[in-house]
Every structure is written in C-alpha cells, then in structure tokens.
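Engineer: Predicted model follows, preceded by the sequence.
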Amino acid sequence: MCVALIGGMDRLERQYITEAEKLGINLKVFTKPEKGLTSKIKNLDAVVIFTNKVSHKARIEVMNVAKSKNIRVLMQHSCGVCTLRDCLSCLKNGRGGNKNVSNGHK
C-alpha cells in the first residue's frame with residue numbers, strides 16, 4: 001500500500017516514515033508546498049491530510065485529484081505521529097478513508 005501524507009511537521013518526517021514502515025506501508029511525505037504535487041499523488045492508494053499544517057489551496061488541489069482518481073482520503077486536524085499511526089492503521093484494516101472524504105476514521 002502506498003499512501004501520501006500532505007501537511008505535517010518537517011521535524012517529524014523521519015518518524016512519520018518509520019511508523020508507516022512498521023505497518024508495511026510506503027509513505028510519501030509532503031510537508032511543504034511542491035510543484036507538480038497532483039502528478040505525484042495520482043497513482044496512490046490513499047491520502048492523509050493534516051489540515052492544520054496545509055494551505056487551503058493545496059488541500060483543494062489534493063481533494064480534486066483524489067476525487068477524480070477515486071483515491072481514499074483521511075483528514076485530521078492534528079499532525080502528530082500518533083494521529084498518523086491511527087490513520088494508517090484504519091486504512092490498513094479497511095476501516096477508514098472510504099472512497100468518499102472522511103474527516104477522521106471510525
């Protein structure tokens with residue numbers, strides 16, 4: 001499974017990747033605005049967006065690509081490692097990020 005993390009904190013990038021590796025997930029982290037972001041996420045299985053650390057423009061751009069490519073999306077306001085771990089566990093277990101936008105997981 002390949003997942004993109006949009007937002008988050010630069011200093012936690014290594015920890016985000018480590019947590020994903022523990023679950024057998026390949027994580028691509030985008031903590032800063034990047035050119036061509038939409039082309040980098042269009043072939044992924046899911047996207048996690050940390051809404052408190054991403055611009056509205058980037059969020060809208062990612063959401064448009066996710067919707068057009070039928071990519072699962074989880075959005076969380078918090079950007080901690082535990083939050084990412086919970087999101088990835090939900091995705092791995094098929095409980096979160098259905099094909100519609102999910103603001104959290106159930």
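Structural biologist: On my side now, so go ahead.

Engineer: Let me know the secondary structure of the residue nearest in space to the middle of the chain.
Structural biologist: Geometric centre of the chain, nearest residue: V48, 1.8 Å, by Cα atoms, centre = their mean. The three-state label given to V48 by DSSP: H, G, I helix; E, B strand; the rest coil is strand.

Engineer: how about the helix or strand encompassing N64: buried residues?
Structural biologist: Using DSSP states H and E, the element containing N64 is helix 56-69. Going by neighbour count (16 or more other Cβ atoms under 10 Å), the buried part of helix 56-69 is A58, R59, E61, V62, M63, V65, A66. Where C-beta positions appear, they are placed from N, C-alpha and C, glycine not excepted.

Engineer: Contacts for that helix next, please.
Structural biologist: 6-7, 33, 37-38, 41-43, 47, 49, 51, 71-73, 75, 101 (Cβ atoms under 8 Å, 6 or more residues apart in numbering).

Engineer: List only buried entries from the residues you listed.
Structural biologist: The neighbour count (16+ other Cβ under 10 Å) marks I6, G7, L37, T38, I41, V47, I49, I71, R72, V73, M75 as buried among the contacts of helix 56-69.

Engineer: Output these as TSV; include the columns distance to E19 and secondary structure.
Structural biologist: Formatted as TSV, the buried ones among the contacts of helix 56-69 follow (distance: Cβ to Cβ, whole Å; DSSP: H, G, I helix; E, B strand; the rest coil):
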residue	distance to E19	secondary structure
I6	16	strand
G7	15	coil
L37	22	helix
T38	25	helix
I41	19	helix
V47	16	strand
I49	17	strand
I71	20	coil
R72	18	strand
V73	19	strand
M75	18	strand
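
Engineer: Enumerate the positions of stretch 1-8 that are buried.
Structural biologist: V3, A4, L5, I6, G7, G8.

Engineer: Out of those residues, the closest to G94 would be?
Structural biologist: Using Cβ to Cβ, V3 comes nearest to G94 of these, at 13.5 Å.
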